[in-house]
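Colleague: Give the three-dimensional model of this entry:
(2 chains)
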Amino acid sequence: MIAVLRAVGVRLLYGIPVFLIVTFGVAMLAELMPGSPGQAILGDQGTPEAIAAVNERFGYNLPPLERYGAWLTDLFTQFDLGTTLFTREPVTDVLGRRLVVTLQLAGMALVIALVIAIPLSLVTALKQGGWLDRILNVVSSAMLSIPSFVSVVLVSLVFTVWLKAFPATGWVPIAQGLGDNLKYAFLPALALALYEAAFFYRVMRSDLATTLREDFVLVARAKGLPKWRTIAPRHVLRPSLTSLVTLLGVAVGRLLGGAVIVEAFFSIPGIGGESIAAVSIKDMNMLQAIVALGVVIYVVLFILVDLAYAWIDPRVSVK
Amino acid sequence: MLAVYGALFYVDSQSIVTPLMAKSLSTDDFKSWTLEINEGIEFTDGTPYDAEAVKYNWERAAGEGSALTAIAGQIASLEADGLTLQIELDAPNPVFDRQVAEQLSYIASPTALEEQGADYTEPVGAGPFILDSWDPAVGEEMSRNPDYFLEGKPYLDELNFTVIADPAQRVTTVTQGGADIMNNYRFAILDVIDDPCCASYGVASGGLRMFIFNNEVAPFDDVRAREAAALAIDPTEMTQTLTQDPSASGWSGLFPSSSNLYDKSFDLESGDIDAATALVDELKADGVDVSIKVLVASVPELVRAAELLQINLQAVGFDVNLEQIALNDWANAARVNKDFDITFYPGIYDLNNAPVSMTALFEGGENIATYSSAEMADALQAAREATSADELKAAFKPVQEIYSKDIPFVVFGIDERLFFHGTGVAGFEAIGRGMLLTENLYRTDLSE
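Modeller: Numbers count the residues shown, from 1 in each chain, chains lettered A, B, ... in the order given. Modelled structure (predicted):
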């Protein structure tokens, strides 16, 4: 247990320079963006003098290094990420609201992807070379090669325009009814899940095929154990999960930070949609906070992935 | 803004300044104006909507860090007495009432402004709706103001605005019934305009589609270069490329044919490649560098038009570099930094309120071309001082003549904004540059 805690502590320490490098990089990159927060607030009618006055009022005229230093100090001394540009709400409040939505979408997308990928990969691994194996090989390749800005349109075309089964845009929080919430969440979650499902399927199919050639599987078969009820779920599935767990960690990070296109397309008030809004209105505090959150999520996920290896395969120890 | 604040005045679809919360704005000499406000209006926090409130707002608008300093800054003094406000301007301004209607009409509660200070994020007005929540990434939620000064209005209990970034999804959301109204241009809804689910309401004023020259730097500081670019294009081809509507027509006048101000004899000449090439050759022979940068906001329809312009201009001898920029950054690049030789006006330039809009376009806040002409300034002054339709028509004749001679920008089309809406909502009345009077909207699909 102490070894595990030490391992977690070391990984967290490694995360600190990553956090500083990434947030500093974003702060400097933001300086290269055309326009300014004052311009965003005042719009087209703002004179250069008025824009300069607004920038000065909110401290956006300070040198970037000084501003980054102040942001870092506020974060580590008061856990204060500043306020949003337009509504002047604490960034942590807005981020919290958005994160709940994105977490739900990511969770649903992962569940859908796993529900599709694991059974199908088991079936095709056990029936290698069969018609289903060949079809899914093609389908999964196609799904991996379709970018998300195309898949959202396809999903919307089928389920919204043709079948009229789901609303085109919008979001209903769980608090206002689970049924309505799922109705609005399903399509974006499905759009997110398609790529992940294909990715998971191909990795699982490959790992399962390798495991099936292991001696202990041969022994189990020789003992006459039932293939579908015992060998597949108990002897083959667990040792084949290592790659999937790594991918899960990366996928969760990708889904939490990278669902920008899907969220914007379906008008979902999550982290992705907020990222676009923050960039377009030059909301530096929000942008910085989203990136910081992304770093923290990835660091935590990779720690969890390392711990999961040890749980899946007792031969692996956490150092 | 109109839903929450209401308006002192608005410019109606016939370009007439119409009072709403105010009773009148009168003057004898265009320098001293008297504003009368309707009785019995209160902001939703109970503060009286009176001359003092208007004074407070206008003084704030003239202050540092305001987007309205140019308009409010012309006010020399304000004297409030109950529901009457005496206004003294720095100089006579015949269109002050129109400027008030367009830009100084939204009055916030002075109490709320005072309490919230620089972080004014919870707007309090006296309009038909109360803002319950807003989120730039999500939208706005409003509920009916039960004390709105027009009895019985508004008819709706709730009014919600939702941000939908994807244009196609906006249309689908309305056709599916997920939203009641969306605002766009006609070409954006051509595929569904005859869908029985929905109807459309066009904003009468319409507006110009145009590209603008940087009149301050070479090569477009030379009128021959501007003329060559105008001659190089076919307005109909440009409009059809932009709208993807093969039935669309181009336009090269400063006003639509439906306007009584329009004079056909001053349309820009276009589609003469040989003449355009000869002009560019002439420029080159004079040592003028004809390498140009076309700046365009990365909106699909504008990019299509800009790419066609690039082809047309290269065909007559210009060396064209096309640069795309995010829509939100276009204003800074084009208006502030003047980082272009040619740029496309994003969307349409509204024609409502011609004396004010043309003044802004040729010498005011919309003069992105940095055009300057004493002759045009005199013509516009005459247009602003016109007191009858005939005078206005006569005054705008030289404006069009000077435009066709100087060509500070090229108009290639006329378009209209429209509201695409479900059949369950009615009561549309657009004002100004296409805003809706939301207190008039009502549902037709409610059962008893």
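
Colleague: C-alpha from now on. contacts and neighbour counts both.
Modeller: Noted.

Colleague: Please confirm that B:Met182 is located within a strand.
Modeller: Yes - under DSSP: H, G, I helix; E, B strand; the rest coil, B:Met182 falls within a strand.

Colleague: Against A:Val161, how distant is A:Leu105?
Modeller: Distance, A:Leu105 to A:Val161, using CA to CA, to the nearest Å: 22 Å.

Colleague: of those two, who's got more company?
Modeller: Neighbour comparison, A:Leu105 and A:Val161: the larger count goes to A:Leu105, with 27 against 18 (by other CA atoms under 10 Å in any protein chain shown).

Colleague: So the more buried one is in contact with A:Leu190, correct?
Modeller: No - taking contacts as CA atoms under 8 Å, A:Leu105 lies outside contact range of A:Leu190: 9.1 Å.

Colleague: from what I can see B:Gln400 touches B:Lys264, true?
Modeller: No - applying CA under 8 Å as the test, B:Gln400 and B:Lys264 come out as separate, 9.4 Å apart.

Colleague: the helices in the chain, which residues?
Modeller: All of this is about chain A. A:2-32, A:37-42, A:48-57, A:64-78, A:91-126, A:131-145, A:148-156, A:178-212, A:215-222, A:242-258, A:260-265, A:271-280, A:284-312 (DSSP state H).

Colleague: Not quite, go with chain B.
Modeller: B:2-5, B:51-61, B:69-72, B:96-103, B:110-116, B:167-175, B:223-232, B:235-243, B:273-285, B:300-315, B:327-330, B:354-363, B:374-385, B:389-406.

Colleague: Dump the ones you listed to CSV, plus mean pLDDT and mean neighbour count.
Modeller: Below are the helices of chain B laid out as CSV (pLDDT from 0 to 100; neighbours: other CA atoms under 10 Å in any protein chain shown):
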stretch, mean pLDDT, mean neighbour count
helix B:2-5, 94, 23
helix B:51-61, 94, 20
helix B:69-72, 79, 19
helix B:96-103, 89, 21
helix B:110-116, 94, 16
helix B:167-175, 90, 20
helix B:223-232, 97, 24
helix B:235-243, 95, 22
helix B:273-285, 96, 18
helix B:300-315, 96, 19
helix B:327-330, 84, 20
helix B:354-363, 89, 19
helix B:374-385, 92, 18
helix B:389-406, 94, 18
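
Colleague: who does B:Gly202 bridge with?
Modeller: B:Leu418 (DSSP bridges).

Colleague: Tell me who's in contact with A:Gly270.
Modeller: By CA atoms under 8 Å, 6 or more residues apart in numbering or on different chains, A:Gly270 lies in contact with A:97-102, A:263.

Colleague: how close does the nearest residue to it once chain neighbours are set aside get to chain B?
Modeller: Spatial nearest neighbour of A:Gly270, chain neighbours left out: A:Arg98 (4.2 Å); criterion: CA to CA, 6 or more residues apart in numbering or on different chains. Computed as CA to the nearest CA, to the nearest Å, the A:Arg98 to chain B distance reads 10 Å.

Colleague: Tell me how many other residues surround A:Arg98.
Modeller: 18.

Colleague: Would you confirm that it contacts A:Ile268?
Modeller: No - shown here, A:Arg98 and A:Ile268 do not form a contact pair, counting by CA under 8 Å, at 9.1 Å.

Colleague: quick revisit: relative to A:Val279, which of the helices of chain B is closest?
Modeller: Between A:Val279 and the helices of chain B, the shortest gap by CA to CA is with helix B:327-330, which sits at 9.6 Å.

Colleague: List the contacts of the nearest residue to B:Asp97 once chain neighbours are set aside.
Modeller: What sits nearest to B:Asp97 in space, not counting adjacent residues and going by CA to CA, 6+ apart, is B:Leu25, at 6.7 Å. B:Leu25 makes contact with B:33-36, B:97, according to CA under 8 Å, 6+ apart.

Colleague: give me that answer again for 10 Å
Modeller: By CA atoms under 10 Å, 6 or more residues apart in numbering or on different chains, B:Leu25 lies in contact with B:8-9, B:17-19, B:33-37, B:84-87, B:96-97, B:100.

Colleague: Could you list the low-confidence segments of the stretch 151-300 of chain B?
Modeller: Applying pLDDT under 70 to the stretch 151-300 of chain B picks out residues B:205.

Colleague: what residues does it put near chain A?
Modeller: Applying CA under 10 Å from any CA of the partner chain, one finds that the stretch 151-300 of chain B approaches chain A through B:162-179.

Colleague: So which residues on the stretch 1-150 of chain B come close to chain A?
Modeller: B:63-70, B:118-122, B:133-139.

Colleague: Residues in contact with both of A:Leu105 and A:Leu190, list them for me.
Modeller: A:Val111.

Colleague: Sketch out the low-pLDDT regions of the stretch 1-150 of chain B for me.
Modeller: In the stretch 1-150 of chain B, residues with pLDDT under 70: B:65, B:67.

Colleague: if you go through it in chain order, where are the strands?
Modeller: For the stretch 1-150 of chain B, strands defined by DSSP state E, counting those that start in this stretch occupy the ranges B:9-11, B:17-19, B:22-27, B:32-37, B:75-81, B:84-89, B:129-135, B:139-144.

Colleague: Out of those strands, which is the most enclosed?
Modeller: strand B:9-11 (a mean of 25; mean count of other CA atoms under 10 Å in any protein chain shown).

Colleague: So what are the sheet partners of it and their directions?
Modeller: strand B:17-19 (antiparallel).

Colleague: hmm, who's touching the strand it pairs with?
Modeller: Taking CA under 10 Å, 6+ apart as the rule, strand B:17-19 contacts B:7-12, B:24-25, B:36-38, B:97-102, B:105, B:353, B:431-432.

Colleague: who are the neighbours in contact with the closest residue to chain B within the stretch 101-250 of chain A?
Modeller: Proximity of the stretch 101-250 of chain A to chain B (CA to the nearest CA) peaks at A:Ala168, 5.4 Å away. By CA under 10 Å, 6+ apart, the residues touching A:Ala168 are A:156-157, A:159-161, A:184, A:187-188, A:265-267, B:168-178.

Colleague: at 6 Å instead, please
Modeller: Residues in contact with A:Ala168 (CA atoms under 6 Å, 6 or more residues apart in numbering or on different chains) are A:160, B:173.

Colleague: For A:Ala106, which residues are in contact?
Modeller: A:Leu255.

Colleague: How confident was the prediction at it?
Modeller: On pLDDT, A:Ala106 comes in at 92.

Colleague: what's the neighbour count on the closest residue to A:Ala191 other than its chain neighbours?
Modeller: The spatial neighbour of A:Ala191 that comes closest, neighbours along the chain excluded (CA to CA, 6+ apart), is A:Val152 at 5.6 Å. By other CA under 10 Å, the residues close to A:Val152 number 22.

Colleague: cool, and A:Pro48?
Modeller: Other residues close to A:Pro48 by other CA under 10 Å number 14.

Colleague: Excluding sequence neighbours, find me the nearest residue to it.
Modeller: Closest to A:Pro48 by CA to CA, 6+ apart is B:Val336, at 7.3 Å.

Colleague: pLDDT at the one you found, what is it?
Modeller: At B:Val336, pLDDT is 83.

Colleague: Could you measure from it over to A:Gly43?
Modeller: 12 Å.

Colleague: Next: A:Trp228.
Modeller: Separation of A:Trp228 from A:Gly43 (CA to CA): 64 Å.

Colleague: The two: which has the busier surroundings?
Modeller: A:Gly43 (16 against 12).

Colleague: Check the stretch 1-150 of chain A for the residue nearest chain B and tell me.
Modeller: Closest point on the stretch 1-150 of chain A to chain B, by CA to the nearest CA, is A:Ala50, at 3.9 Å.

Colleague: Per-residue pLDDT of that residue, please?
Modeller: Note for A:Ala50: predicted pLDDT of 76.

Colleague: give me the number of residues near it?
Modeller: Neighbours of A:Ala50 under the rule other CA under 10 Å: 21.
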